[in-house]
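# Sequence and predicted structure, then a few things I'm wondering about:
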Amino acid sequence: MAIIAPSILSADFSCLGKEVRAVVEAGADWIHIDVMDGHFVPNITIGPPVIKALRKITDLPFDVHLMIAQPEGYIADFVEAGANIISVHVEASTHLHRTLTEIRRLGCKPGVVLNPATPLETITYVLEEVDMVLLMTVNPGFGGQEFINAVSPKIEKLREIIDRLNLPVAIEVDGGANLETIAIMARAGADIFVAGSAIFNQPDYKAAISRLRTVVDRAQGERTVDRQERF
Ligand SMILES: O=C(CO)[C@@H](O)[C@H](O)COP(=O)(O)O
Ligand SMILES: [Fe+2]
């Protein structure tokens, strides 16, 4: 079954708790939390204190996407705040293997993230350390951007590598999801779908999530390769 992860970056921050509760009730599978530091990306969002406060609202998995320079110094803080999955950018972590093993050692699931222009070869030597690879389908930093279709072959290629090696690794995609692009990502082999503006800019979150899920389920059915559940 598709995992739909609303990105709270597009939520109304003046009532963030209410917004998270609303997407939980609307059928979200995970909550995607974008952490930005103004260095790795040209935007600043939230950190561990806000995540800790949101943790009181739901038991759904918190999928924490770290867009911060040198994430290794902050892993324990995000674990303590209540993250379940912590993903770090390959472009941001000098000691990537160490950072990923540290995330697992502290009890969370590690994910590694690639910007659209970063090749898959950069993660060859950490694929066995992660539960998830997050492929950015926009340049990170902002919600509401347009899907970069050039990433589709990268999703297909990663799907092929993971299936060939029979690795227990899920593929998450993030950026520019809408009813059209989410089908492209699903057919290419993605398992987990982040959607920010496609949910929070709609008047009815339940209907928005349900429409995205229907499209993904149908597109996954059209895949040639059998899909294994990872989460
Ligand atoms: O990590 C990011 C952006 O850097 C994403 O999680 C966005 O927040 C997704 O928003 P939409 O593109 O779906 O509006
Ligand atoms: Fe994200």
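Right, received. Where do you want to start? Ligands and ions are numbered 1, 2, ... in the order given.
# Look up phi and psi at Val79.
Backbone geometry at Val79, expressed as degrees, to the nearest 10, gives phi -60, psi -50.
# now do Ile86
The phi and psi torsions at Ile86 (degrees, to the nearest 10) take the values phi -120, psi 120.
# Report the beta-bridge partner residues of it.
Val64, Pro110 (DSSP bridges).
# count of neighbours near it?
Ile86 has 28 neighbours, counted by other C-beta atoms under 10 Å. C-beta coordinates here come from the backbone N, C-alpha and C atoms, glycine included.
# Roughly how far does it sit from ligand 1?
Distance, Ile86 to ligand 1, by C-beta to the nearest ligand atom, to the nearest Å: 14 Å.
# How about Glu172?
10 Å.
# how about that residue, secondary structure?
Secondary structure, DSSP: H, G, I helix; E, B strand; the rest coil: Glu172 is strand.
# who's in contact with the closest residue in space to it that isn't next to it in sequence?
In space, and not counting its chain neighbours, Glu172 is closest to Ile192: 3.9 Å by C-beta to C-beta, 6 or more residues apart in numbering. Ile192 makes contacts with Ala2, Ile3, Ala5, Trp30, Asp63, Met132, Ala170, Ile171, Glu172, Val173, Phe231, as judged by C-beta atoms under 8 Å, 6 or more residues apart in numbering.
# With neighbour count and pLDDT added, can I get those residues in a markdown table?
Listed next are these as a markdown table, based on neighbours: other C-beta atoms under 10 Å; pLDDT from 0 to 100:
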| residue | neighbour count | pLDDT |
| --- | --- | --- |
| Ala2 | 19 | 91 |
| Ile3 | 21 | 98 |
| Ala5 | 28 | 99 |
| Trp30 | 21 | 98 |
| Asp63 | 29 | 99 |
| Met132 | 22 | 98 |
| Ala170 | 23 | 98 |
| Ile171 | 22 | 98 |
| Glu172 | 27 | 98 |
| Val173 | 30 | 98 |
| Phe231 | 18 | 78 |
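# possible to save these as a markdown table with distance to Ile103?
Below are the contacts of Ile192 laid out as a markdown table (distance: C-beta to C-beta, whole Å):
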| residue | distance to Ile103 |
| --- | --- |
| Ala2 | 24 |
| Ile3 | 19 |
| Ala5 | 18 |
| Trp30 | 16 |
| Asp63 | 13 |
| Met132 | 11 |
| Ala170 | 15 |
| Ile171 | 18 |
| Glu172 | 15 |
| Val173 | 20 |
| Phe231 | 16 |
